[in-house]
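Peer 1: following is a predicted model, sequence given first.
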Amino acid sequence: MVDLTKLQIFSLEWLKSSGISILIAIVIALVLYLLLRHFVPLLIKKVVSQRMRGESKAEIEKRAETLSSFFTTTGTILIATFAIFTILPEFGVNIAAALAGLGIAGIAVSFGAQSLIKDILSGVFIILEDPYRIGDWIKIAGTDGLVEEISLRRTVLRDFDGTVHSIPNSEIKTASNFTRDYARVNMNIAVAYGEDLDHVIEVINSVCREMAEDPEWKASFLSTPRVLRVDNLGDSGIDIRLLGDTRPMLQWSAMGELRLRIKKAFDKEGIEMPWPHTKVYFGNSLPKTRENPPGSISSEERE
């Protein structure tokens, strides 16, 4: 039978020595974690504000949030690793032997985890080169959405439907950022061929000015949208291109409101917006054509 007295004495001695060391390691780790979560975002925001002078407050906040998330996550992993390697020896684990084993295993695993290594390296370059930030609307790997998370391994997007997409960083070859610094109203309005284009352009520009001066929308625009050019002579109508700058993330709502107001203005002015026309002929009869078009040969000449 186990000598309970010796076991109790051993337990008490272990608690007095190793138990206190483990408790101290846990407390230090918790303190470091709390300091990390509190001071790192403040420090990063201060540094980013100094280096990004001249940029908008929103862009500074997005960059600071991106870096804070990255450094906080990385720091948390380092603190947890420190705590684990401090506690394990108290349970009789040989750290030197464990590290040697991990080194050998790491070499073996690295050959089978090349994609993970690529993800991490790509994540480092994404953080350093700053192609996009948390809060930006981007398109990567054929998927567009709002950036919710950037880590060393992946980038997380949420699209218009609310679907969350987790994309490994190594799959990101091209990143298109729709909300860096400013966005743009870039749209075509089609009108019928029979309309007076000068009058149409005047009506469109008037609607754009009214909307840009509307107190509800004034803050959304950086420049008043206006007609840029006649963009295309289409099959059913003439396309007129509008262009103007908005604040980031507001271009879609601004274009929707512009379409609504322009449609109402066209209805009021009697300006026709085109739609596809199709002519249908029943039977074998064809539309009348000239009997002898230029260059054709008459029936008498053929005979």
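Peer 2: Nice, I can see it. Numbers count the residues shown, from 1 in each chain.

Peer 1: contacts for the helix or strand containing residue 243, please.
Peer 2: Following DSSP states H and E, one finds residue 243 within strand 238-246. By Cβ atoms under 8 Å, 6 or more residues apart in numbering, the list of residues contacting strand 238-246 from outside reads 182-193, 195, 197, 200-201, 204, 208, 212, 220-233, 254, 258. (C-beta placed from N, C-alpha, C; glycine too.)

Peer 1: repeat that for 7 Å
Peer 2: Strand 238-246 has contacts (Cβ atoms under 7 Å, 6 or more residues apart in numbering) with 182-191, 193, 197, 200-201, 204, 208, 220-232, 254.

Peer 1: immediately after that strand, which helix or strand?
Peer 2: Scanning forward in sequence from strand 238-246 by DSSP H and E, the next helix or strand is helix 251-269.

Peer 1: now that following helix against strand 238-246, angle please.
Peer 2: Put simply, helix 251-269 runs at 140 degrees to strand 238-246, going by axes from the mean of the first three to the mean of the last three Cα atoms, to 10 degrees.

Peer 1: buried set for helix 251-269?
Peer 2: Neighbour counts over helix 251-269 (16 or more other Cβ atoms under 10 Å) mark 251, 254-255, 258, 261-262, 265-266 as buried.

Peer 1: and that helix, what does it pack against?
Peer 2: Helix 251-269 is packed against strand 183-191, helix 197-213, with contacts defined by 3 or more Cβ pairs under 7 Å, 6 or more residues apart in numbering; DSSP states H and E.

Peer 1: and those as CSV, adding mean pLDDT, mean neighbour count and distance to residue 276?
Peer 2: Listed next are those as CSV, based on pLDDT from 0 to 100; neighbours: other Cβ atoms under 10 Å; distance: least, Cβ to Cβ, whole Å:
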stretch, mean pLDDT, mean neighbour count, distance to residue 276
strand 183-191, 94, 19, 11
helix 197-213, 95, 16, 20
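
Peer 1: dump those to JSON lines, plus distance to residue 157.
Peer 2: JSON lines is the format used below for the helices and strands packed on helix 251-269 (distance: least, Cβ to Cβ, whole Å):
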{"stretch": "strand 183-191", "distance to residue 157": "17"}
{"stretch": "helix 197-213", "distance to residue 157": "30"}
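
Peer 1: I'd say residue 261 and residue 208 touch.
Peer 2: No: look at residue 261 against residue 208 with Cβ atoms under 7 Å: they stay out of range, at 8.6 Å.

Peer 1: the bottom helix or strand of the protein by mean pLDDT?
Peer 2: Here the helix or strand of the chain ranked lowest by mean pLDDT, DSSP states H and E is helix 299-302, holding a mean of 42.

Peer 1: show me where the stretch 1-150 of the chain dips below the pLDDT cut-off.
Peer 2: 1-19, 93, 95-113 (pLDDT under 70).

Peer 1: what are the ranges of the strands in it?
Peer 2: Ranges of strands in the stretch 1-150 of the chain, per DSSP state E, counting those that start in this stretch, are 137-140, 143-150.

Peer 1: out of those, deepest packed?
Peer 2: strand 137-140 (a mean of 20; mean count of other Cβ atoms under 10 Å).

Peer 1: ok, and the closest non-adjacent residue to residue 138?
Peer 2: In space, and not counting its chain neighbours, residue 138 is closest to residue 132: 4.6 Å by Cβ to Cβ, 6 or more residues apart in numbering.

Peer 1: before we move on, what about residue 190?
Peer 2: Nearest to residue 190 is residue 237, by Cβ to Cβ, 6+ apart, at 4.2 Å.

Peer 1: what's the neighbour count on residue 217?
Peer 2: Using other Cβ atoms under 10 Å, residue 217 is surrounded by 18 other residues.

Peer 1: quick check, it in contact with residue 210.
Peer 2: No: in this structure residue 217 lies outside contact range of residue 210 using Cβ under 7 Å: 9.4 Å.

Peer 1: so what's residue 165 bridging to?
Peer 2: residue 157 (DSSP bridges).
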